[in-house]
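I'll drop the sequence and a predicted model, then ask my questions.
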Amino acid sequence: MGERTVRSALQRFGVFPDVAVQQMFIAPNTTDPDMQSTIAIVGGAQRGLNELGFGLAENGILNPRTAGALDHVLGEGWQFRTWLQIYNDLERAIKLRPALRRATDALGDVTPAQSGLGTAALLGLVTLGYLIFVRRT
């Protein structure tokens with residue numbers, strides 16, 4: 001794997017590096033949302049989130065849907081990390097997605113209702129076994 005740079009992180013998400021390199025070392029909560037570089041960086045983050053299946057408009061506006069998607073992928077407190085950390089975390093999530101999909105496919109198509117029924121059935125069998133054992137002793 002090649003050396004990771006700020007430029008390569010920006011290019012990975014379709015952002016022209018000359019516009020936004022300096023902003024990548026600043027946290028979102030301290031950036032001006034109307035600056036061209038911030039709009040470009042947020043647009044790149046939206047492209048990354050769309051690769052994860054969020055279906056966001058790639059308009060560079062850090063709206064509630066984009067913030068919610070970042071919350072979902074990166075957890076609370078993402079707005080206090082630098083944009084570079086956010087981009088790197090998004091890239092890691094995108095790389096992990098196929099492995100997670102394979103693991104999910106290996107489990108089969110078990111719905112929450114089915115797993116709940118299995119748990120209830122198991123609990124019922126244990127309870128029945130306990131009652132039979134208690135009656136015999």
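Thanks, I have it.

so how far is stretch 27-37 off the chain centroid?
Relative to the chain's own centre, stretch 27-37 is displaced by 21 Å; criterion: CA atoms, centre = their mean, to the nearest Å.

residue contacts, the residue nearest the centre of the chain?
Centrality entry for the chain: nearest residue to the mean C-alpha point is V73, 2.1 Å, by CA atoms, centre = their mean. Residues near V73 by CB atoms under 8 Å, 6 or more residues apart in numbering: 49, 52, 89-90, 93. (C-beta placed from N, C-alpha, C; glycine too.)

which ones among those residues map onto helices?
49, 89-90, 93 (DSSP state H).

residues contacting the nearest residue to Y87 once chain neighbours are set aside?
Ranked by CB to CB, 6 or more residues apart in numbering and with sequence neighbours excluded, the top spatial neighbour of Y87 is A9, at 4.5 Å. Neighbouring residues of A9 by CB under 8 Å, 6+ apart: 24, 84, 87-88, 91.

which of the residues you listed count as buried?
24, 84, 87, 91 (16 or more other CB atoms under 10 Å).

among those, which are located in helices?
Residues of these located in helices (DSSP H): 84, 87, 91.

from R7, how far off is the residue nearest to the first one when sequence neighbours are not counted?
Read that as L84. Excluding its sequence neighbours, the residue lying closest to L84 (CB to CB, 6+ apart) is M24, at 4.4 Å. Distance of M24 to R7, given as CB to CB, to the nearest Å: 9 Å.

circling back: would TSV of the contacts of A9 with pLDDT be doable?
Formatted as TSV, these follow (pLDDT from 0 to 100):
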residue	pLDDT
M24	92
L84	93
Y87	93
N88	92
E91	91
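
closest to G124 out of these?
E91 (46.4 Å; CB to CB).

surely A40 and E58 touch.
No. Look at A40 against E58 with CB atoms under 8 Å: they stay out of range, at 10.8 Å.

with neighbour numbers in mind, choose between the two.
A40 (20 against 15; other CB atoms under 10 Å).

who's in contact with the helix or strand hosting the more buried one?
If you go by DSSP states H and E, A40 is part of helix 36-51. For helix 36-51, contacts defined as CB under 8 Å, 6+ apart pick out 10, 13-16, 19-20, 22-24, 31-33, 56-62, 66, 69-70, 73, 83, 86-87, 90-91, 94.
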